[in-house]
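Asker: here's a sequence, model it:
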Amino acid sequence: MKVNERCVKCLMDRQRHVATQIPDENQRNKYLEGVGDILSKRKENDSAPYMVYCFDRLLEKFHGKNESFTQVKKEYNDLVLSMEEDLYKEIISTSDSLKKALIYSRIGNYIDFGAVSSVDTKEFLALFDRKEELDEHVYNEFIDKCNKGKTFVLLCDNCGEIVVDKILVKILKEKFPHLDIYVMVRGADVINDATIEDAQYCGLDKVAKVVSNGIGVAGTILDMISIEARELLESADVILAKGQGNFETLSNNGLEVFFSFLCKCENFVEQFKVDLYTGMFIHKKPYL
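Answerer: Numbers count the residues shown, from 1 in each chain. Alright, predicted model coming up:
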């Protein structure tokens, strides 16, 4: 998904906030000049997550690492872990537990400190009471792929969200016991995205094989992830990618991918002609 002018404005506004971490005004201005230079020299197919990756590398030269989300990640992991048992009971009490698990997993995508200007716990919890549906055609295609496939890869996004993803994996294993399920997380800290350590903290390693993509980008860029991660994705029978960042980086690379996310920014709202926080379930088929 290409960076358009709306994205450029949003990215620049966010970097102005990031720049407040730099105490020296002269250095702060030089950093913002560098950000503008990166944006002006971007290639046609560069995505927003890749731009942010470049900004983070630039910030390291002026200030060091970006602000830590360690405490936020633990806070939301703990919050959703405290809800896990009740959410699981609600899911399995429905007539279609897989559909409900996919919907709840998608709601978890709200916890995104990279896309949501102010993550609000009350708003997050209220989403579980909202009537949500899946695209029925895409859902049937997903079931068909799971029935026929052998290897399933879930590309995770945020902390907190990964707890609901864990419930989804449990349901997938119950419905499709033949599937060999992998969960792929970020290879290094980036915003509040989940890493191996976060996945282990939430117990994802108890229900699936957890692997790293080898890089700290808020998305999945095939040319940047590890060789092992790329080989796993290219050989997988079913890929379910969570979050806007994975959609931005994977939606036009030729792989067959199911995408699940909430529309959390103006660009996505405009592209899909939906309201803010509308859930999307999309099937991108491979190039012929």
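Asker: run through the helices of the chain in chain order.
Answerer: 5-18, 25-40, 48-62, 70-92, 97-107, 121-127, 136-148, 161-175, 196-201, 227-235, 244-250, 266-272 (DSSP state H).
Asker: give me whichever of those helices is most buried.
Answerer: helix 244-250 (a mean of 26; mean count of other CB atoms under 10 Å). C-beta: built from backbone N, CA, C; applies to glycine.
Asker: CA-only coordinates of that one in PDB, if you can.
Answerer: Presented in PDB, the C-alpha positions along helix 244-250 are these (Å, rounded to 0.1, in the frame of the first residue of the first chain):
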ATOM      1  CA  GLN A 244      -3.000  -2.300   9.100                       C
ATOM      2  CA  GLY A 245       0.800  -2.500   9.000                       C
ATOM      3  CA  ASN A 246       0.700  -6.000   7.600                       C
ATOM      4  CA  PHE A 247      -1.900  -5.000   5.100                       C
ATOM      5  CA  GLU A 248       0.200  -2.000   4.000                       C
ATOM      6  CA  THR A 249       3.300  -4.100   3.500                       C
ATOM      7  CA  LEU A 250       1.800  -7.400   2.200                       C
END
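Asker: how far off centre is that helix?
Answerer: What separates the centre of helix 244-250 from the centre of its chain is 8 Å, taken as CA atoms, centre = their mean, to the nearest Å.
Asker: what sits up against it?
Answerer: 1, 47-50, 112, 114-115, 155, 157, 193, 217-222, 241, 257, 259, 261-265, 268, 282, 284 (CB atoms under 8 Å, 6 or more residues apart in numbering).
Asker: could you chop the chain up by domain?
Answerer: Using automatic domain parsing, the domain ranges for the chain come out as 5-62, 70-284.
Asker: could I get the ones you listed as JSON lines with mean pLDDT?
Answerer: Formatted as JSON lines, these follow (pLDDT from 0 to 100):
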{"stretch": "domain 5-62", "mean pLDDT": "92"}
{"stretch": "domain 70-284", "mean pLDDT": "96"}
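Asker: how far away is residue 110 from residue 271?
Answerer: Look at residue 110 and residue 271: by CB to CB, to the nearest Å, they are 19 Å apart.
Asker: quick one: contacts for the closest residue to residue 114 other than its chain neighbours?
Answerer: Leaving out its chain neighbours, the residue that sits closest to residue 114 by CB to CB, 6 or more residues apart in numbering is residue 191, at 4.2 Å. By CB under 8 Å, 6+ apart, residue 191 lies in contact with 69, 112, 113, 114, 218.
Asker: distance to residue 187 for the helices of the chain - can I get that in TSV?
Answerer: Shown next, in TSV, are these (distance: least, CB to CB, whole Å):
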stretch	distance to residue 187
helix 5-18	21
helix 25-40	22
helix 48-62	12
helix 70-92	15
helix 97-107	22
helix 121-127	26
helix 136-148	26
helix 161-175	15
helix 196-201	8
helix 227-235	8
helix 244-250	14
helix 266-272	25
